[in-house]
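Chemist: Pasting a predicted model and its sequence here:
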Amino acid sequence: METRRRVNWRTLWLGISLIVLFSGLIARLWWIQSVDAAWIIEKAKRQWEVERVLNPKRGSILDRNGHVLAYEGKAYRVEAQLRQKGKEPPVWMGDNYVRDPYGTALKLAPILHTPVEQLVKYMTVEDANVVGLGPSSQKITEEQRNAIYDLQYPIGPDGKRSEVNQLPGIVLIETTRRYYPNNAFASHVLGYMTFEDQAMMGIERQFDQQLRGEKGELQVIRDAAGYPLPQGEQKYKPARDGYNVVLTIDQQIQDYVEQALDTTVHQFKPKGATVIVADPNSGEILAMATRPQFDPNNYTKIENHLNYGISMNFEPGSTFKIITLAAAVEEGLFDPEATYLSGSYTNIPGKPINDHNNGVGWGTITFLEGVQRSSNVAFVKLGYEGLGQERLYDYFQRFGIGQKTGIDLPGEEEGIMRDLLHPNSQRDVAVTTFGQGVAVTAIQQVAAVGAIANGGELLKPLIVKELRDPHTGQVVKRYQPEVVRRVVSEQTSKQVRDVLETVVNGEHGTGRAFRIEGYHVAGKTGTAQKYDPKTGEIIPGRYIASFIGFAPVENPRLLVYVVIDEPDAPYTSLTNLVVAPVFKSVMVNSLQYLQQQPDLDQPQPAPTVQEERMPNFVGMAASVAVQKAQKAGFQTELVGTGTKIVSQSPAAYEKVLPNCKVMLVTDRLEGVRMPDFNGKSLREVMEFASLTGLSVSVNGSGFVSEQSIKPGTVLSGKETLLVTLVPASVPNVTTPENTDESKNQSTLGQAETKTGDASSTDETGAPASDLSESAAQ
């Protein structure tokens, strides 16, 4: 009986337990299916569904001929894995964490260009397993990545690479970055991308949306192991890569401008400078450069963020007289044979307006001679007296003064044009006729004078030619020339061009230093005083020298505007000595590059060997430097196995003759082999030695007949080379006269002779008597 009762109780409790258990299960199932259903489904989706953002590739920036000026390429992000104090490293980290922060920082500092102390600070933070190593580590180059890899797995004396990581804790993660293969080339036009992918300045900023493309997305279903299921794709939107932006810039013409500015900056150390080259018939900008410049690959060291071609307001001086002249011709007020008394203009309250020779003038002269001599009085009579303030103001507005041109670059200024209908004084109106009391940008001047060159139409300057699909090359959008308005008639345009040609070729012309053999050139010089922005008063001894001109006159192909701010040169020769060499170098080289035939009625220069200045190749990529040197007509010898040029011989800006040899030394001299100096001059031996750090001992004189280190021997830089020289007349010696190198040797000798004889002329070759021009010109 007792046994049966216990069994019954057990059965009862078991039944009750089962009822409670199943009731709980049912209740839980109900709760899950009703109350928690949405949350559980969402959690499940997160486990089996994967959504990824597909990043597009940023488009490239190309010149008009398809040369790449900016592109997106492979890069690496450097991170450090850290073990937190008092804790074991995570399983995924294993033993790959930084053990010696200071030693690691010491090795990485020269590669990342970051102070050791800053790297140590990054690698000693608390409560972090993975840290970045600062902005300079966000997107390093392939070259930097290889340098770090060599530290991690160095090559031993036996030539084998270590299999043990010697720099634990440093991780390289592949990403992308923006590359500018020509370094500072056209930097203010191109702009740059930060390591945070922010577009700054130039085309990069103006066309950021078109270059950036559109992001895509991918959603797939995967199994418990994380593998995508067959036909598990639910949503797919491909990324659209950014368009390639094709500029109107011509890389070769831009290169002529860059080299000319480099030479001028080296010689005269101006505060700033800009050169613009344009096709006046289409408004296309073929070249635009600014100094100081910067390397967009290393944007943290920018000194000057302004593109002086579009963002600097300055008083133009006498180049502005072209607009006054065009207005007077259009209104029938300019009679080239009519006369007036030069010197001073006194028909106005206050101080008289003087000609640029301190008001002395040239007596009674024709208005044509007044234009040629850049007489302020002539332009006051034409503009202030003849046109009057209403018509004068109207023409300034027609030519776009005081208005943005609309060029597709960020940061364009609109200049400063006073309301001449309500002036503070009549003098304010009068001085604008010759470029005082008004501020312009260089691009405004280019557009305005371009209207004179092309037949009378003001065109919107174009810097972008088209947008292209990066995969098919198909043109997505083409930017056509855009006529803003007609400002003068074709007849007026031709007459003004003819008058401006006499400024360059006429007996009294102030632009005689800008004459170019074989081509008719028209243009106008300008030397403007600078004002203190705080006080508004003239700053003594500080000037902006400029020249704007075009060629050939009858059918202008190119317009070139050169502006040099505060050059270190005598006031009386600012334009002739400083500006003329830049203009002539750019114009001549560009016309010849475009295969523009010389004018038949112009005397052709006798064939002479002319010196030129060696370009600066330091800082360029080795392949780019070799290509540019060869394109410029020089023979090249690459010294070293690095990727960047660190020195050169002949030095940058040194006067040399065409076809001479230039030695380009890279940033890695390991593996340099001894050249064969047999028959070479001592000078060539010493140039090589100075570039590579090689010691040289010399016996005899003349040309090399023996050398102690065999050609082809790999050099360490610690050897001493013994060379034996013999005169050229000694038999069995291969002399320069019997080799291709003889041309280089004779070239070097001629260069030295010509440089020594150059003291009788200025840098342009003009006689000293031509080097005189006053500020108002």
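Modeler: Alright, I've got the coordinates. Keep in mind the model is a prediction, meaning the values are calculated, not measured.
Chemist: residues in contact with the strand or helix carrying V499?
Modeler: Following DSSP states H and E, one finds V499 within helix 490-505. Outside helix 490-505, the residues within contact range by CB atoms under 8 Å, 6 or more residues apart in numbering are 322, 325-326, 329-330, 334, 336, 368, 371-372, 374, 451-456, 488, 509-512, 514-515, 520-525, 549-550, 553-554, 556. Bear in mind the C-beta positions are built from the backbone N, C-alpha and C, glycine included.
Chemist: Report the buried residues of it.
Modeler: The neighbour-count criterion (16 or more other CB atoms under 10 Å) identifies 492-497, 499-505 as the buried residues of helix 490-505.
Chemist: I'd like the residues you listed as TSV, with pLDDT and distance to A430 appended.
Modeler: As requested, the buried residues of helix 490-505 are exported to TSV (pLDDT from 0 to 100; distance: CB to CB, whole Å):
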residue	pLDDT	distance to A430
T492	96	23
S493	96	26
K494	96	28
Q495	97	24
V496	97	21
R497	96	26
V499	96	21
L500	97	22
E501	96	27
T502	95	25
V503	96	22
V504	95	27
N505	93	29
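Chemist: Return the distance of stretch 53-66 from the chain's centre.
Modeler: 18 Å (CA atoms, centre = their mean, to the nearest Å).
Chemist: and that stretch, which residues are buried?
Modeler: P56, K57, R58, G59, S60, I61, L62, D63, R64.
Chemist: who touches the third one in this structure?
Modeler: When contacts are counted by CB under 8 Å, 6+ apart, R58 touches E72, T176, R178, M193, L211, R212, G213, D241, G242.
Chemist: same check, this time on the fourth one
Modeler: Shown in contact with G59 (CB under 8 Å, 6+ apart): Q210, L211, R212, G213, D241, G242, Y243, N244, V245, P470.
Chemist: nearest to A442, of these?
Modeler: Relative to A442, the closest of the contacts of G59 is V245; by CB to CB it sits at 22.3 Å.
Chemist: and that closest one, that's in a strand?
Modeler: Yes. Assessed by DSSP: H, G, I helix; E, B strand; the rest coil, V245 belongs to a strand.
Chemist: Beta-bridge partners for it, please?
Modeler: Per DSSP bridges, the residues bridged to V245 are I61, L467.
Chemist: sorry, back to before: please convert the buried members of the contacts of R58 into ChimeraX selection syntax.
Modeler: To isolate the buried ones among these in ChimeraX, judged by 16+ other CB under 10 Å, type:
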select :72,178,193,211,212,213,241,242
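Chemist: Quick one: mark the members of the contacts of R58 that sit in helices.
Modeler: L211, R212 (DSSP state H).
Chemist: need the contacts of R58 in JSON lines with distance to A580, can you?
Modeler: Shown next, in JSON lines, are those (distance: CB to CB, whole Å):
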{"residue": "E72", "distance to A580": "41"}
{"residue": "T176", "distance to A580": "45"}
{"residue": "R178", "distance to A580": "38"}
{"residue": "M193", "distance to A580": "38"}
{"residue": "L211", "distance to A580": "39"}
{"residue": "R212", "distance to A580": "43"}
{"residue": "G213", "distance to A580": "46"}
{"residue": "D241", "distance to A580": "46"}
{"residue": "G242", "distance to A580": "42"}
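Chemist: Which pair of the contacts of R58 spans the longest distance?
Modeler: Taking CB to CB, no two of those sit farther apart than M193 and D241, at 15.5 Å.
Chemist: Figure out the helix or strand that the residue nearest to Y593 when sequence neighbours are not counted lives in.
Modeler: Nearest non-adjacent residue to Y593, counting by CB to CB, 6 or more residues apart in numbering: Q252, 5.5 Å away. Using DSSP H and E, Q252 maps to helix 251-268.
Chemist: next one: V329
Modeler: helix 321-330.
Chemist: Give me the contact list for that helix.
Modeler: Residues contacting helix 321-330 (CB under 8 Å, 6+ apart): 334, 371, 374, 379, 382-383, 386-387, 391-392, 395-396, 399, 401, 433-435, 448-449, 452, 487-489, 492-493, 495-496, 499-500, 524, 548.
Chemist: from the contacts of G59, which single one is nearest A80?
Modeler: R212 (30.4 Å).
Chemist: Report pLDDT for that closest one.
Modeler: Listed pLDDT for R212 reads 93.
Chemist: And P110, its phi and psi?
Modeler: phi -70, psi -20 (degrees, to the nearest 10).
Chemist: Assign the nearest residue to V120 once chain neighbours are set aside to helix, strand or coil.
Modeler: Distance criterion CB to CB, 6+ apart; nearest residue to V120, sequence neighbours excluded, is A105 at 4.7 Å. Per three-state DSSP, the local secondary structure of A105 is helix.
Chemist: which residues touch A105?
Modeler: Counting by CB under 8 Å, 6+ apart, the residues that A105 touches are V116, E117, L119, V120, M123.
Chemist: List the buried residues in the helix or strand containing the second one.
Modeler: Using DSSP H and E, E117 maps to helix 116-122. Using 16+ other CB under 10 Å as the test for burial, helix 116-122 gives V116, L119, V120, Y122.
Chemist: other SSEs contacting that helix?
Modeler: Packing partners of helix 116-122 (3 or more CB pairs under 8 Å, 6 or more residues apart in numbering; DSSP states H and E): helix 101-112.
Chemist: Could you check how many residues crowd around D532?
Modeler: If you count neighbours by other CB atoms under 10 Å, D532 ends up with 10.
Chemist: Surely it is in contact with P540?
Modeler: No. Applying CB atoms under 8 Å as the test, D532 and P540 come out as separate, 10.3 Å apart.
Chemist: and for those two, which residues touch both?
Modeler: With CB under 8 Å, 6+ apart, D532 and P540 have no common neighbours.
Chemist: got the contact list for E482?
Modeler: G283, L459, K460, L462.
Chemist: distance of it from R28?
Modeler: 74 Å (CB to CB, to the nearest Å).
Chemist: before we move on, what about E88?
Modeler: Relative to R28, and taking CB to CB, E88 is found at 38 Å.
Chemist: same thing with S590?
Modeler: 84 Å.
Chemist: Show me the helices in the stretch 401-550 of the chain, by range?
Modeler: For the stretch 401-550 of the chain, the helices defined by DSSP state H, counting those that start in this stretch cover 426-432, 442-454, 490-505.
Chemist: And these: which comes nearest M663?
Modeler: So among the helices of the stretch 401-550 of the chain, helix 442-454 is nearest, using CB to CB, at 37.3 Å.
Chemist: could you give the mean pLDDT of the closest one?
Modeler: Mean predicted confidence for helix 442-454 is 97.
Chemist: Kindly report the same for stretch 272-287.
Modeler: 96.
Chemist: Going forward, count from 47.
Modeler: That works, and once the first residue is 47, the last one we named lands at stretch 318-333.
Chemist: hey, C-alpha coordinates of that stretch in CSV?
Modeler: C-alpha atoms of stretch 318-333 as CSV (Å, rounded to 0.1, in the frame of the first residue of the first chain):
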residue,chain,number,x,y,z
GLY,A,318,55.1,85.3,-56.8
ALA,A,319,54.6,84.7,-60.5
THR,A,320,52.0,83.3,-63.0
VAL,A,321,52.0,82.5,-66.7
ILE,A,322,48.9,81.7,-68.7
VAL,A,323,48.9,80.4,-72.3
ALA,A,324,45.6,80.4,-74.2
ASP,A,325,44.2,79.8,-77.6
PRO,A,326,42.4,83.1,-78.2
ASN,A,327,40.2,81.6,-80.9
SER,A,328,38.6,79.0,-78.6
GLY,A,329,39.3,80.4,-75.1
GLU,A,330,41.1,77.1,-74.3
ILE,A,331,43.8,77.5,-71.6
LEU,A,332,46.8,75.5,-72.9
ALA,A,333,49.0,76.2,-69.8
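Chemist: Show me what stretch 293-305 is in contact with.
Modeler: Residues contacting stretch 293-305 (CB under 8 Å, 6+ apart): 107-111, 113, 115, 231-232, 235, 249, 321, 323, 325, 330-335, 508-511, 631-632, 635-636, 639, 659, 661-662, 674, 677.
Chemist: Kindly recompute the last result at 6 Å.
Modeler: 109-110, 113, 232, 321, 323, 330-333, 335, 508-511, 632, 635-636, 639, 661 (CB atoms under 6 Å, 6 or more residues apart in numbering).
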